[in-house]
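Engineer: Show me how the following folds:
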Amino acid sequence: MLGRFGAILFAMSVSDHTERDAVGTASTTVANRIRSKIFRSLERQGFEIRGDQLVPPDTRDKSEVRGLHQEAVRHNRARSRAGLERHEDRLLARVADGPEVVPEKVSPALAEVRSGSEEELLFRYARLHWSIPVSAGYGRRLRFVVYDESNDKLIGIIGLGDPVFGLGPRDRWIGWDLEARKKRLKCVMDLFVLGAVPPYSSLLCGKLVALLASSREVQETFRKKYGGKESYISGQIFDGRLALLTTTSALGRSSLYNRLRYHRRTVYKSIGFTSGSGDFHFSNGFYGDLRQLAVQHCEATAKHPSWGVGFRNRRELVRKALPLLGLSTNLQYHGVQREIFAVPLAENTKAFLRGDDDKLRPNGQGADDLFEYFRGRWLLPRAGRDERYRTFNRESYRLWGTR
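Structural biologist: Modelled structure (predicted):
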């Protein structure tokens, strides 16, 4: 494959004249260097290029999809090492050894993550263990750690951030037109990371964390944090009502969210799949080069002055930088589709978001009720038939240093 990528690299090199037209003052040498980094990284990740299209390995095989993300995960860990390695021993002590977990005594509690806190370090550390690269969220952001009060150990994490403005499956499911979406998008948040850490993950506590994300406590924390704030765009005061959460599966179809119920109510509703585009495959050590190139030669196109003067997001930056290198923007389509889920937080979520109903009627389940249901439905039955969680050693969770 190296020969194949080398041939592509040679074929996509351009003349000095074309290069100056494309990138202004950027030299052919600089452009070739960046293109070389891109192609070698795509090769290491497992992609092929056919024409101007990226072709991933078999995305039905979750191990293959994990392999595509490994380089981006390694890069994220390397980038975070300077800020977290010196805290690792202390953070690792918050992860349970298997024998420290007594299923009958598990007592989950939600703790909001505040900037500069120990919980923030723990959240950042746990996030680095995901098998796909996880963003830090953007815009409005609400983060939680879920810990076990019986032993003060970490069960899992929840991260909510601003949703993307346009998401076809979500917008069709709601029945949104443009005006209603502009008015009510503030009542939606996206779960950018969610899950349990070992050994609790072996006890199906990913389902517990997913249920807790829909809890009344999360909605109330959101209302306290963002209610009463003036919108940058409309200038109106936001009342803090949270009507809907969205999220996407990590690896194609989801075994975590599918059929996740609270009694007879389906909590996570599958509403479609992403288009298979993004920027994770450009997050492997050369994003800084793309950023420098785009800043020097492109104009950011944020929709409103209140959003700032920079690029709207990483995708916009990558989309503008690729043509400067003589590369097609089709390279943003990595082909890894992810299942999209909607989590309605009220009986009338869709009608409220469309503007058909001005009064939101929340479902109202508290964290204690959600846990009691999870305890009987999943936790105790799993613990009774599978004791492998007891063999987990927290040292296997260590990222740096001696394992």
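Engineer: Look at Val102 and say how many residues are nearby.
Structural biologist: As a burial measure, Val102 scores 11 neighbours (other C-beta atoms under 10 Å). (Glycine included, C-beta is placed from N, CA and C.)
Engineer: wait, doesn't it sit right on Ser150?
Structural biologist: Yes: counting by C-beta atoms under 8 Å, Ser150 is a contact partner of Val102 at 6.6 Å.
Engineer: so how far is Ala383 from Leu203?
Structural biologist: According to C-beta to C-beta, to the nearest Å, Leu203 stands 6 Å off from Ala383.
Engineer: Repeat that for Asp239.
Structural biologist: 42 Å.
Engineer: If you count surrounding residues, which of the two has more?
Structural biologist: Ala383 (19 against 13).
Engineer: That one: what secondary structure?
Structural biologist: Using DSSP: H, G, I helix; E, B strand; the rest coil, the structure places Ala383 in helix.
Engineer: burial measure for Val164, as a count.
Structural biologist: Applying other C-beta under 10 Å, we find 12 residues neighbouring Val164.
Engineer: any idea what sits nearest it, other than its immediate chain neighbours?
Structural biologist: Asp190 (7.4 Å; C-beta to C-beta, 6 or more residues apart in numbering).
Engineer: Each with direction, which strands does the helix or strand harbouring that neighbour pair with?
Structural biologist: Using DSSP states H and E, Asp190 sits within strand 188-196. Here strand 188-196 is paired, per DSSP bridges, with strand 153-161 (antiparallel), strand 244-248 (parallel).
Engineer: Any idea which of these gets closest to Ser115?
Structural biologist: Comparison of the strands paired with strand 188-196 against Ser115 by C-beta to C-beta identifies strand 153-161 as nearest, at 13.6 Å.
Engineer: now that closest one: how far from the chain's centre is it?
Structural biologist: Computed by C-alpha atoms, centre = their mean, to the nearest Å, the chain-centroid distance of strand 153-161 equals 12 Å.
Engineer: next one: stretch 377-388
Structural biologist: The answer for stretch 377-388 is 28 Å, by C-alpha atoms, centre = their mean.
Engineer: Just the buried positions in it, please.
Structural biologist: Buried positions in stretch 377-388, judged by neighbour count with 16 or more other C-beta atoms under 10 Å: 377-379, 382-383.
Engineer: How about stretch 211-227?
Structural biologist: Buried residues in stretch 211-227, counted by 16+ other C-beta under 10 Å: 211-219, 221-222, 226.
Engineer: The stretch 151-300 of the chain: helices as residue ranges?
Structural biologist: Remark: helices assigned in the stretch 151-300 of the chain by DSSP state H, counting those that start in this stretch are 168-174, 178-184, 205-213, 216-226, 287-297.
Engineer: From the contact counts, what lies against the fourth one?
Structural biologist: Same thing as helix 216-226. Applying 3 or more C-beta pairs under 8 Å, 6 or more residues apart in numbering; DSSP states H and E, we find helix 216-226 packed against strand 108-112, strand 141-148, strand 153-161.
Engineer: Kindly calculate the angle that that helix makes with strand 153-161.
Structural biologist: Here the directions of helix 216-226 and strand 153-161 differ by 50 degrees (axes from the mean of the first three to the mean of the last three C-alpha atoms, to 10 degrees).
Engineer: Hey, what's the angle from helix 216-226 to strand 108-112? Just curious.
Structural biologist: Going by the same axes, to 10 degrees, helix 216-226 is angled at 10 degrees with respect to strand 108-112.
Engineer: Helix 216-226 vs strand 141-148, what angle?
Structural biologist: Inter-element angle recorded for helix 216-226 and strand 141-148: 140 degrees (by the same axes, to 10 degrees).
Engineer: that older thread, and which of the buried residues of stretch 211-227 is nearest Arg81?
Structural biologist: Checking these against Arg81 by C-beta to C-beta gives Ala213 as the nearest, at 28.8 Å.
Engineer: quick one: that closest one from Leu110, how far?
Structural biologist: From Ala213 across to Leu110, the span is 9 Å (C-beta to C-beta).
Engineer: What of Leu370?
Structural biologist: 11 Å.
Engineer: what about the two, which has more around it?
Structural biologist: The neighbour comparison of Leu370 against Leu110 (other C-beta under 10 Å) goes to Leu370, with 22 against 18.
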